[in-house]
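Undergrad: quick one: sequence and predicted model below, then my questions.
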Amino acid sequence: MNTFTSLITLLVFPAGLTLVLVGMFYEWIDRKLVARFQNRIGPRWFQPFADAVKLFAKEQIKPAIINPYLFFGLPVAALAGALTAALYVPLMGLNPASSFPGDLIVTIYLLSLPTMCVGLAGWNTSSRFSLIGATRTLTQLFAYEAPFLLAMLGPALVAGSWQINTINSYTQNHWLIFTQPVGFIVALIGLMGKLELPPFDAPEAETEIVAGALTEYSGRGLAMFKISRSVELIVGLSLVSAFYLGGLNGIPSFLLKSIALLLVMSMFQVLLTRLRIDQTVGLWWRFGAILVLAQLLVMIVWKGFAL
Amino acid sequence: MKIGTMLKDIVESFFKKNITQLYPFERTPTPQRFRGNLQYNPSACTGCCLCVKDCPSKAIELVTLDRAAKRFVLKYHMDQCVYCGQCVVNCRFKCMGMSNTDWEHASLNKEEFTVYYGKDEDIKQLLANLAQPVIGPTQK
Amino acid sequence: MNIEQVLAQAEGLLAPWNKETIRPESNRLDVVIVADDLRAAVTALHDAHWGYLSAITGMDLGTASGQLEALYHFCNGPAITSLRIRLPRGNEAILPSIADILPPASFFEREMQEMLGFKFSGLNISERLFLPDDWPENVYPMRADFTLDQAAPVAGRHADELPEQGVVGGNTFVIPIGPQHPALKEPGHFEFTVDGEIVTAARMRLGYAHRGIEKAAESRNWIQNLYLFERVCGICSHTHALAYSLGVEKLAQVEAPPRAQAIRELVAGLERVHSHLLWLGVAAHEAGFDTLFMYSWRDRETVMNLLEQITGNRVNYSANLLGGVKCDIGSEQAKAIKEGLTYLETRIRHYLEVVTTDVMFLNRTRGIGTISFAEAVKFGLLGPTARASGLVRDVRTEAPYGAYTHFPVSSVTETNGDLEARCVVRLKELLVSCFTMRTIVDNLPEGPLTTRMPRKIPAGETISRIEAPRGELFYFIKSNGGETPARVHIRTPSLCNWVSVLEKAVGRQLADVPMLIAGMDPCFSCNDRLVTVARPGSRETWSWSRLREYGIEYYKR
């Protein structure tokens, strides 16, 4: 595609600005759903946008003893990672902006970039709370990354390709939620772990360590971290619904499927108590990984017999 | 051992109205006994100052303009009052009461918080000669 | 054994050191001893398992008499034995510390040390507890000759300027929680030294909400003090007012009419409901279970509205008067109470089920912070925290006051002693309270609401013990016959329960710490009006190393 359309795609639609706005809109939906489940009103539709505007307008307070390049650069890197990952998924149901064999792996690694940036940022600011938060973030990264990748691997195996676009077109006709239910559950819960949603929000447990790794961030840096989180939300939802819920082939199907997934995720958020970090790791490595491995084994054997 | 024990609650709440009260657009009426602002009936007052004596926060001052003619003005500091109601209990002639509608006291300046209660002409006279008020027995 | 026999037993135990016996009230025995015999006397009572140390009161008897007095109160059911020691003012007011025999005493002793200037030999703690770091030396606020200009802050000793205490080098570092922290609803300072996620040391300071209420009480008349003490704590305000009223009524030898007593018990029951529901929400929030937090606080609104309907305010009800109550229960209120109670009972049963069956919540509460029965006795725990370990310390059943003789409640106990047991005890207590409240509403005795009280309360001393939602509340009131009290000493239940937090935090994960703090239902406002609790961080002081040894030993078993 020529430079002009690439730039538009990258900066305005469907990635870039639109993605950021839609991300914040989905964040609002999530908060509103959680509130309604708790018998409350919840925020009005413009709350996340107002938060972002307010944060951009505020002064950024830099702690004295840290490395300024890391301090100012990490939020940008996190946002960049999230936005780049969006280029390869069928965002909002439209064709991915760019596609090549093996882009599933690239996307998943790009999605872990924001988490690693948060961990590094916590280490860098070296306040007591952020150090503990950073340790927890990285520990949690080790925990859910493997099962999540394996859960994404399942559809890749049956579709016979590492390319997201190909997998998407394969799943248009095969609803993998029915043939690989374990993979779907692990993928969904893995997404919650990646986004640090309750019950996996030990890294930013407000009642224990104030705000975790991002305690010392304010102003632009905090806004960019939060936006990268919401972009990750969209990308993650697109991936999971594309792989398991029968593929995305247009904006209506995207909206329907991702909001359904968001509803289920909100219910999990509301129903479950926060897990301690050791319980999180234990849960993932004991149940998550083993279940998904078992399923993969079954699939491989099945495919072996079928061939 | 169950997981998601509050499932029924959250599903019900999803379809019910939320319980947040959109104050100040919606207000529930306060109960009858609510202890709001002090109310004073000057015609029954005899100037015994029992209310002043037992106020925990020195929120009441009784100004005597003319003891024989029973002309008193009550100077009430709304910002110091703790709304305990001891003055109401103490008064033997039932001149005090606590409103249940007047309790929203946010204000931008402090002058609003000193209120004079009494007959209109008494208050005018007091404010006119504010040089020598006679204050009832206060606490040590 | 009735009270007389119990007190005779105490008198017998203390005979070798008894200098004078006084019987100020029918359930109290005062034994005057000298300072040197204190440890022997305390050991005698302790070895015979005669009651538990409930409070230590310090009094300044005035500059004219030149003496300070310390009273050690031991409670055994309704009977109270106090050991009285008189000491000269000035630097010779030295008492032996009994904190190694009875651990809760260290808290009380530090209070007396800071507030009145007693010196305790054997208690090597130099750190301030609740007076700020820049308070001048040798200035004791509760002394009669204290004036405000003596309290000018000492330059250079402000908390920000002092070197950090309790920091252990190497791989560990200290996590401060408070005074400003989202986990704490009221300010307090905890320092946890952690190694990764495991807590290896714990230290705390209180005093951030200290308002000098006991000193303020000495310059207000008896009626004004009623409202002052109500505001010691917002959650248990009625119990403070109740304890004070009952004490003053005892001094004046006046008894409030039965209808008033019943209404007092009713309001106390409603307060217990609101307090425990609040606690449930806070504990759930600390665990990360925000849904339970939202729902329990939503249901708490029912109780708050009921209280508003009966007394006129949601917090600081001011229902009590000296001699009775202010508010009556009419048929309208009775109907509202019964409807509210029905709704609340359904919801409380639901929360009981949630708390005992929800796997995720149990992961955070079952088996965490377990305190055995022996430990509960040793550390002098009170209230639901103690009852969860099987130790029944409930003033409503042991020493019934007010209307509890006509409308009794039963104590709820559990044996596990972990956080889950504490949740269960509190919720079950609420069900018992609801049942009792219905009985009261249906059988409210007829009669007046108040009796006459004199304005000058006759001279004397009295002790008033009430079961607040957090445990036993202890009021010592002394009158010199005037319009103002001579001394009011308050010992709140949260004070005695702090040990459990620090004790149990060592060896556990940092993530459990907020739950542990929340599990004992701390009320910082109650603590700070005149009590000190501290656990110094440096390893030289005996109480810390003793505690640490205990923690390490405990986990070896």
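TA: That came through fine.
Undergrad: who's in contact with C:Pro458?
TA: C:Leu251, C:Ala252, C:Gln253, C:Ser479, C:Gly481 (C-beta atoms under 8 Å, 6 or more residues apart in numbering or on different chains). For glycine as for every other residue, the C-beta is placed from the backbone atoms N, C-alpha and C.
Undergrad: and for the last one, the neighbour number?
TA: Think C:Gly481. Neighbour count for C:Gly481, taken as other C-beta atoms under 10 Å in any protein chain shown: 11.
Undergrad: then the third one?
TA: Other residues within reach of C:Gln253 by the criterion other C-beta under 10 Å amount to 10.
Undergrad: please spell out which residues along stretch C:58-76 are buried.
TA: Residues of stretch C:58-76 classed as buried by neighbour count (16 or more other C-beta atoms under 10 Å in any protein chain shown): C:58-61, C:68-76.
Undergrad: about what we covered before: JSON lines for the contacts of C:Pro458, including secondary structure?
TA: Conversion of the contacts of C:Pro458 to JSON lines gives the following (DSSP: H, G, I helix; E, B strand; the rest coil):
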{"residue": "C:Leu251", "secondary structure": "helix"}
{"residue": "C:Ala252", "secondary structure": "coil"}
{"residue": "C:Gln253", "secondary structure": "coil"}
{"residue": "C:Ser479", "secondary structure": "strand"}
{"residue": "C:Gly481", "secondary structure": "coil"}
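Undergrad: what ranges does the chain have for its helices?
TA: Let's take chain A. A:3-11, A:17-37, A:47-57, A:68-85, A:103-125, A:128-159, A:164-171, A:176-179, A:181-194, A:206-209, A:219-244, A:251-271, A:277-283, A:289-306 (DSSP state H).
Undergrad: chain B, not that one
TA: Using DSSP H, helices in chain B cover B:7-15, B:50-54, B:86-90, B:120-128.
Undergrad: which neighbouring elements make contact with the second one?
TA: Using 3 or more C-beta pairs under 8 Å, 6 or more residues apart in numbering or on different chains; DSSP states H and E as the contact criterion, the secondary-structure elements in contact with helix B:50-54 are strand B:60-66, helix B:86-90.
Undergrad: could you redo the last one with a cut-off of 10 Å?
TA: strand B:60-66, strand B:71-77, helix B:86-90, helix C:222-230 (3 or more C-beta pairs under 10 Å, 6 or more residues apart in numbering or on different chains; DSSP states H and E).
Undergrad: return the most buried member of these.
TA: helix C:222-230 (a mean of 24; mean count of other C-beta atoms under 10 Å in any protein chain shown).
Undergrad: quick one: mean pLDDT over the helix or strand containing C:Lys335.
TA: C:Lys335 is part of helix C:331-357, with elements assigned from DSSP states H and E. Averaging pLDDT along helix C:331-357 gives 94.
Undergrad: next one: stretch A:21-34
TA: 94.
Undergrad: please identify the buried residues of the helix holding C:Lys335?
TA: So, applying 16+ other C-beta under 10 Å, buried residues of helix C:331-357: C:333-334, C:336-337, C:340-341, C:344-345, C:347-348, C:350-352, C:354-356.
Undergrad: what is the orientation angle of that helix with helix B:7-15?
TA: 120 degrees (axes from the mean of the first three to the mean of the last three C-alpha atoms, to 10 degrees).
Undergrad: hmm, helix C:331-357 touching chain B?
TA: Yes. For helix C:331-357 and chain B, the contact criterion (C-beta under 10 Å from any C-beta of the partner chain) is met by C:Glu332, C:Gln333, C:Ala336, C:Arg347, C:His350, C:Tyr351, C:Glu353, C:Val354, C:Val355, C:Thr356, C:Thr357.
Undergrad: that helix - contacts with which helices or strands?
TA: By 3+ C-beta pairs under 10 Å, 6+ apart, helix C:331-357 packs against helix B:7-15, helix C:258-287, helix C:290-311, helix C:359-365, helix C:419-442.
Undergrad: so of those helices, which one's packed in deepest?
TA: helix C:258-287 (a mean of 25).
Undergrad: in what helix or strand does C:Glu467 lie?
TA: Going by DSSP H and E, C:Glu467 is in strand C:460-468.
Undergrad: which ones are touching C:Lys504?
TA: Neighbour list for C:Lys504: C:199, C:202, C:368-371, C:375, C:418-419, C:512-513, C:516, C:519-520, C:551, C:554 [criterion: C-beta atoms under 10 Å, 6 or more residues apart in numbering or on different chains].
Undergrad: which of those fall within strands?
TA: Counting by DSSP state E, the part of the contacts of C:Lys504 found in strands is C:Val199, C:Ala202.
Undergrad: ok, and which of the contacts of C:Lys504 reach chain A?
TA: C:Ile368, C:Asp512, C:Val513.
Undergrad: returning to that earlier point: and which of the buried residues of stretch C:58-76 is nearest C:Ala15?
TA: Closest to C:Ala15 out of the buried residues of stretch C:58-76 is C:Phe74 (15.5 Å), distances taken as C-beta to C-beta.
Undergrad: could you point out the helix or strand that follows the one helix or strand the closest one maps to?
TA: Taking DSSP H and E as the criterion, the element that holds C:Phe74 is strand C:67-76. Note on strand C:67-76: by DSSP H and E, the next helix or strand toward the C-terminus is strand C:79-88.
Undergrad: residues of stretch A:25-33 that come out buried?
TA: So stretch A:25-33, judged by 16+ other C-beta under 10 Å, has buried residues A:Phe25, A:Tyr26, A:Glu27, A:Trp28, A:Ile29, A:Asp30, A:Lys32, A:Leu33.
Undergrad: likewise for stretch A:128-140?
TA: A:128-140.
Undergrad: quick one: least confident of the residues you listed?
TA: A:Arg128 (78).
Undergrad: by mean pLDDT, which helix or strand of chain B comes out lowest?
TA: helix B:120-128 (a mean of 80; mean pLDDT, DSSP states H and E).
Undergrad: that one to strand B:71-77, inter-axis angle?
TA: Going by the same axes, to 10 degrees, helix B:120-128 makes 70 degrees with strand B:71-77.
Undergrad: which neighbouring elements make contact with helix B:120-128?
TA: strand B:60-66, strand B:71-77, strand B:114-117.
Undergrad: for B:Phe72, state which of the contacts of C:Lys504 is nearest.
TA: C:Met520 (52.1 Å).
Undergrad: that closest one - nearest residue in space that isn't next to it in sequence?
TA: C:Asn497 (4.3 Å; C-beta to C-beta, 6 or more residues apart in numbering or on different chains).
Undergrad: looking at the stretch 201-350 of chain C, which residue is nearest chain A?
TA: Of the residues in the stretch 201-350 of chain C, the one nearest chain A is C:Gly288, at a distance of 2.4 Å by C-beta to the nearest C-beta.
Undergrad: isn't that residue right next to A:Thr273, touching?
TA: Yes. C:Gly288 is in contact with A:Thr273 according to C-beta atoms under 10 Å; the separation is 5.3 Å.
Undergrad: identify the contacts common to these two.
TA: A:Pro198, A:Pro199, C:Met360, C:Phe361, C:Arg364.
Undergrad: separation between the last one and C:Leu419?
TA: By that I understand C:Arg364. 8 Å (C-beta to C-beta, to the nearest Å).
Undergrad: for the fourth one, same thing?
TA: Counting by C-beta to C-beta, the gap from C:Phe361 to C:Leu419 is 10 Å.
Undergrad: for the stretch 351-500 of chain C, which residues are neighbours of chain A?
TA: C:Asp358, C:Val359, C:Met360, C:Phe361, C:Leu362, C:Asn363, C:Arg364, C:Thr365, C:Ile368.
Undergrad: adding distance to C:Glu446, write those residues out as a markdown table.
TA: As requested, these are arranged in a markdown table below (distance: C-beta to C-beta, whole Å):
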| residue | distance to C:Glu446 |
| --- | --- |
| C:Asp358 | 46 |
| C:Val359 | 52 |
| C:Met360 | 51 |
| C:Phe361 | 46 |
| C:Leu362 | 48 |
| C:Asn363 | 53 |
| C:Arg364 | 49 |
| C:Thr365 | 46 |
| C:Ile368 | 50 |
